[in-house]
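Q: Got a predicted model here, sequence first, then my questions.
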Amino acid sequence: MKRALITGISGQDGSYLAEHLLSLGYEVHGIVRRVALEDPTRRFSRIDHLRDRINLQPASMESYPSLFNIISKHKFDECYHLAAQSFVAESFADGFSTMNTNINGTHYMLAALRELQPECRFYFAGSSEMFGKVRESPQNEATPFHPRSPYGISKVAGFDLTRNYREAYDMYCVSGILFNHESPRRGYEFVTRKITSTVAGIKAGLAGELRLGNLEAKRDWGHAEDYVKAMHLMLQQPEPEDYVVATGETHTVRDFCELAFGKANLDYRDFVKIDEQFCRPAEVDLLIGDASRARRSLGWKMNYTFEELVSQMVKGDLDALDNLPNKQRQIETIA
Ligand code: F7E
């Protein structure tokens, strides 16, 4: 039985990846914050259904000794490093914390593995935000990086660290350059979930409008459940390589609104208001990925279309509101 370690197991990607690895017969361990263990109902909502099949280990991405301690306790075949401060807007608000957590966290993981288990295969969650002000379209593994936020910069540093450990110490370390990937488990701060949860709130009479920033930004949105399968495949190859994972389609935030509101028989133009506070100091205008290498070498393919993704997210939020008692509905709805 293979043993895997996932940092960020309680997040969207971590939860889907844990499910996928369990279905393949893996023993799955996940790193979580100690405070999260004290508040499992709220913090572990995405992995609640897996709790008796996974091993949660408390540690902090900011503490090398705590990570070293976990890696010294078990022998892992694969490590998926997903934990990060991943909200781009927050990285403008507090660039120092984002850089510290994201860069040092990755460095600590790599250094501890090198020290204790250099044969463990390592996956780093790279991001299309590394392309930033894009030099070409679509973007592939050879496209130069030009990050536009502290988050993007931290991911370029993590990518470089991962490649450096591969080249310097001959470790199997790879980066997935994943474009935006969403699902009904997406955090409410990201634009897709903000839209679908507010659509549900409007439908239920709990919200009257949706305040957004730049509606013209274009993103290549896929489904997280499809993307975690690519992460796993990247660690099963004869040679370590980095891969772009994307749908090859791009849509504006406006397109997403139109479709999501339309799914609930609403017209987004009646509800969406532009609010400057949600615009970023530097925007990534256009992302569209070319995942040819992943399709060719990994045999990776997607199951969800863009429309299926939006439908599933809207339905998930409508159903969740339907199932909540009145008082709780008011608390949960993001207006
Ligand atoms: O923004 C625009 C915003 O926050 C998407 C992360 O998972 O994917 C994600 O990064 C677009 C941007 O995701 C609002 O300006 C307009 O152009 O959903 P988002 P992101 O920044 O693309 C990459 C691949 C990652 O790696 C990241 O970790 O939507 N937008 N109005 C808005 N965005 C938000 N959040 N809220 C708004 O009101």
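A: Yep, that arrived. These numbers come from a predicted model, not from an experiment.
Q: Do you have the strands of the stretch 51-200 of the chain handy? List them.
A: Using DSSP state E, counting those that start in this stretch, the strands of the stretch 51-200 of the chain run over 54-58, 78-81, 121-127, 173-178, 181-182.
Q: mean confidence score for the third one?
A: When pLDDT is averaged over strand 121-127, the result is 99.
Q: Also the last one?
A: Per-residue confidence for strand 181-182 averages out to 98 on the pLDDT scale.
Q: neighbours of residue 157, just the number please.
A: By other CB atoms under 10 Å, 18 other residues sit near residue 157. (Each C-beta comes from the backbone N, C-alpha and C, glycine too.)
Q: nearest to the ligand, of the strands of the stretch 51-200 of the chain?
A: Of all those, it is strand 121-127 that lies closest to the ligand, at 3.2 Å by CB to the nearest ligand atom.
Q: which residues touch the closest one?
A: Contact with strand 121-127 is made by 8, 13, 77-82, 84, 106, 109-110, 113, 151-152, 155, 158-159, 161-162, 165, 171-178, 231, 234-235, 240, 242, as judged by CB atoms under 8 Å, 6 or more residues apart in numbering.
Q: tell me what the helix ranked longest in the chain is packed against?
A: If you go by DSSP state H, the chain has its longest helix at helix 150-169. Secondary-structure packing of helix 150-169 (3 or more CB pairs under 8 Å, 6 or more residues apart in numbering; DSSP states H and E): helix 88-93, helix 95-99, helix 105-116, strand 121-127, strand 173-178.
Q: Return the set of residues that bridge with the nearest residue to residue 216 once chain neighbours are set aside.
A: Spatial nearest neighbour of residue 216, excluding adjacent residues (CB to CB, 6 or more residues apart in numbering): residue 252 at 5.6 Å. Here residue 252 sits in beta bridges with residue 218, going by DSSP bridges.
Q: Provide the secondary structure category for residue 6.
A: Assigned by DSSP: H, G, I helix; E, B strand; the rest coil, the conformation of residue 6 is strand.
Q: First-to-last residue distance for stretch 246-254?
A: Taking CA to CA, to the nearest Å, stretch 246-254 runs 20 Å from one end to the other.
Q: for that stretch, which positions count as buried?
A: Under the neighbour-count criterion of 16 or more other CB atoms under 10 Å, stretch 246-254 has 246, 247, 248, 249, 250, 251, 253, 254 buried.
Q: Out of those, which sit inside helices?
A: 253, 254.
Q: Now distance to residue 204 too, for the buried residues of stretch 246-254, in TSV please.
A: Below are the buried residues of stretch 246-254 laid out as TSV (distance: CB to CB, whole Å):
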residue	distance to residue 204
246	34
247	31
248	35
249	31
250	31
251	26
253	23
254	24
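Q: which of the buried residues of stretch 246-254 are close to the ligand?
A: Among the buried residues of stretch 246-254, proximity to the ligand is found for residue 253 (CB under 6 Å from any ligand atom).
Q: Quick one: the buried residues of stretch 246-254 as a markdown table, columns for pLDDT too.
A: Listed next are these as a markdown table, based on pLDDT from 0 to 100:
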| residue | pLDDT |
| --- | --- |
| 246 | 99 |
| 247 | 98 |
| 248 | 98 |
| 249 | 98 |
| 250 | 98 |
| 251 | 98 |
| 253 | 98 |
| 254 | 98 |
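Q: ok, the buried residues of stretch 246-254 vs the ligand, which is closest?
A: Distances from the ligand to the buried residues of stretch 246-254, taken by CB to the nearest ligand atom, are shortest for residue 253, at 4.7 Å.
Q: Find me whatever residue is spatially closest to that closest one, sequence neighbours aside.
A: Of all residues not flanking residue 253 in the chain, residue 215 sits nearest, at 4.8 Å (CB to CB, 6+ apart).
Q: What does that neighbour show for phi and psi?
A: Dihedral pair for residue 215: phi -80, psi -10, per degrees, to the nearest 10.
Q: re the thing from before, let me see the residues that make contact with the longest helix of the chain.
A: 84-88, 90-92, 95, 98-99, 102-103, 106-107, 110, 114, 118, 122, 124-127, 129-130, 132, 145, 147, 171-175, 177, 240, 242, 284.
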